[in-house]
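S.K.: All I have is the shape, not the residue letters:
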Ligand code: GLY
Ligand code: MN
Ligand code: MN
């Protein structure tokens, strides 16, 4: 159990009450929904991993304690099961809100000790038509629900009705979470600005240490990020930070390690903090010593131009995939222009796109939804066009792929835009580009007439990065 001095302040409960009411309205007559929070995970012996609540549960309660579960019924009633007050345990593990205080603090209709949940659930499920819960998220929940339903079944001879349907609550909650509301946007902005500040400090530290002739390691920059995240109030990183020096940048899931950062290297940092339950996700690639070499700058400007092309399409009415297609078009042309791809072998830009020849250097998608989870929930397919399928054959694998129309962008959606180029040494690839890995990533909130980039507190133009690394200001 993780000891905490106090729970974070619980913000305006009306936001969560309104979200619960929205869920209740979608459950159908006689529906009931069960949403547990995340379990604690042992790390070794009696030490746990740092606790992180379940995002769906938090979205509906604002409650961050473990050992809790929420039940919502179609009539709008909400019941919280939570850890009971226990002064002896609270001395060791920290403050617990407890059921009595939970009702006014969280605005739920009623609250009980979590120890009562197993006994109360069969009665709550009796005479309900549909039971909803998040499928395939909580280990053992399906089995637990089955046990509760069996208890209801045992009472059918006394006239009890058993819910006949079980449905995935994710389909309801994912769609709600996809659209960031007025409560969430300022928190996401704050997460983005803390992370942006952390990136600036890491860049400046790199140049400063190299100027002083010090032995710079990836972990020095990781330490700078962590320091800044905590310094400015974030709770922890939203995901394992990537700090990749030189050729390590070509490993997409590299983690900050101990490799030396040398003058002349590029450093790729993909790191973002989580602030009050909301993630940020930024990548910047910069010259360790503060000055891009010619080939580094050529590739950097190309990736940035591809990101610009995608940002121009991050607006209502465009489709999610339009942003990827735009980056591919720019990168494919650039790969031909810079000689990464030999036009005598691969043909023109349309051939490079059609045959996916660019995939040698750009092998991931351009973005993903972001929010409470760094890879947030939400369908990438346009719900109103689900039935419109088409088939195509993948030019590289030969696999037959079923396509559905990509999601149409609407205000409130939040996506990353993160093109990259990763050049592993290979025959025919100009040596000047070998082992260069570049990614540029920002978080774009779709607005009424375009998008707001939440992460541009850290500059992205090569000249501006060079300027801030020359400057090397100390932390304010
Ligand atoms: N940091 C994870 C990602 O960019 O998707
Ligand atoms: Mn990302
Ligand atoms: Mn990232």
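M.R.: Thanks, I have the structure now. Not measured: the values here are computed from a predicted model. Residues are numbered from 1 along each chain as shown. Ligands and ions are numbered 1, 2, ... in the order given.
S.K.: and residue 222, what is it in contact with?
M.R.: 241, 243, 256, 271 (C-beta atoms under 8 Å, 6 or more residues apart in numbering). In short, each C-beta sits where N, CA and C put it, glycine included.
S.K.: meant to ask about residue 27
M.R.: Counting by C-beta under 8 Å, 6+ apart, residue 27 touches 33, 72, 73, 74, 130, 132, 172.
S.K.: thinking again about what came up before, could you dump the contacts of residue 222 into TSV and include pLDDT, neighbour count and secondary structure?
M.R.: As requested, these are arranged in TSV below (pLDDT from 0 to 100; neighbours: other C-beta atoms under 10 Å; DSSP: H, G, I helix; E, B strand; the rest coil):
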residue	pLDDT	neighbour count	secondary structure
241	98	22	coil
243	98	28	strand
256	86	24	coil
271	98	28	strand
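S.K.: What's the separation between the nearest residue to residue 381 once chain neighbours are set aside and residue 390?
M.R.: Distance criterion C-beta to C-beta, 6 or more residues apart in numbering; nearest residue to residue 381, sequence neighbours excluded, is residue 404 at 4.6 Å. Separation of residue 404 from residue 390 (C-beta to C-beta, to the nearest Å): 8 Å.
S.K.: Looking only at neighbour counts, state which of those two leads.
M.R.: Neighbours were counted for residue 404 and for residue 390 using other C-beta atoms under 10 Å; residue 404 has more, 16 against 9.
S.K.: Is residue 138 in a helix, a strand, or coil?
M.R.: For residue 138, the secondary structure call by DSSP: H, G, I helix; E, B strand; the rest coil comes out as coil.
S.K.: neighbours of it, just the number please.
M.R.: By other C-beta under 10 Å, 21 other residues sit near residue 138.
S.K.: ok, it touching residue 36?
M.R.: Yes. At 5.3 Å, residue 138 counts as touching residue 36 under the criterion of C-beta atoms under 8 Å.
S.K.: shared neighbours of these two, anything?
M.R.: Common contacts of residue 138 and residue 36 (C-beta under 8 Å, 6+ apart): residue 54.
S.K.: hang on, the earlier thing: if we only consider the contacts of residue 27, which is nearest to ligand 3?
M.R.: Of all those, residue 172 has the smallest distance to ligand 3: 27.8 Å, by C-beta to the ion.
S.K.: The closest one: what secondary structure?
M.R.: Three-state call for residue 172 (three-state DSSP): helix.
S.K.: Residue 183 versus that one, what's the distance?
M.R.: Separation of residue 172 from residue 183 (C-beta to C-beta) stands at 19 Å.
S.K.: More neighbours: which of those two?
M.R.: Counted by other C-beta under 10 Å, residue 172 and residue 183 do not tie: residue 172 has more neighbours, with 20 against 15.
S.K.: re the thing from before, which two of the contacts of residue 222 lie the greatest distance from each other?
M.R.: With C-beta to C-beta as the measure, no two of the contacts of residue 222 lie farther apart than 256 and 271, at 8.2 Å.
S.K.: what's the overlap in contacts for these two?
M.R.: Shared contacts of residue 256 and residue 271, defined by C-beta under 8 Å, 6+ apart, are found at 222, 241, 242, 243.
S.K.: Adding distance to residue 459, write those out as CSV.
M.R.: Formatted as CSV, the shared contacts of residue 256 and residue 271 follow (distance: C-beta to C-beta, whole Å):
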residue, distance to residue 459
222, 21
241, 19
242, 19
243, 19
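S.K.: Of the residues you listed, just say which sits nearest to residue 277.
M.R.: The closest of the shared contacts of residue 256 and residue 271, once distances to residue 277 are taken by C-beta to C-beta, is residue 241, at 18.7 Å.
S.K.: what sits against the residue nearest the centre of the chain?
M.R.: Central residue of the chain (C-alpha atoms, centre = their mean): residue 374, 0.9 Å from the mean position. The neighbourhood of residue 374, defined by C-beta under 8 Å, 6+ apart, consists of 238, 239, 272, 279, 281.
S.K.: Show me which residues of the stretch 201-350 of the chain sit near ligand 3.
M.R.: Proximity of the stretch 201-350 of the chain to ligand 3 (C-beta under 5 Å from the ion) is limited to residues 270, 281.
S.K.: could you redo the last one with a cut-off of 8 Å?
M.R.: Proximity of the stretch 201-350 of the chain to ligand 3, by C-beta under 8 Å from the ion, involves residues 239, 242, 270, 271, 272, 281, 282, 283.
S.K.: Residue 239 is in contact with the fifth one, correct?
M.R.: The reference is to residue 272. Yes. Contact criterion C-beta under 8 Å: residue 272 and residue 239 qualify, at 7.1 Å.
S.K.: Between the two, which contacts overlap?
M.R.: Jointly contacting residue 272 and residue 239 under the rule C-beta under 8 Å, 6+ apart are 279, 281, 374.
S.K.: Redo the residues you listed as TSV? Include distance to ligand 2 and pLDDT.
M.R.: Formatted as TSV, those follow (distance: C-beta to the ion, whole Å; pLDDT from 0 to 100):
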residue	distance to ligand 2	pLDDT
279	9	98
281	4	98
374	7	98
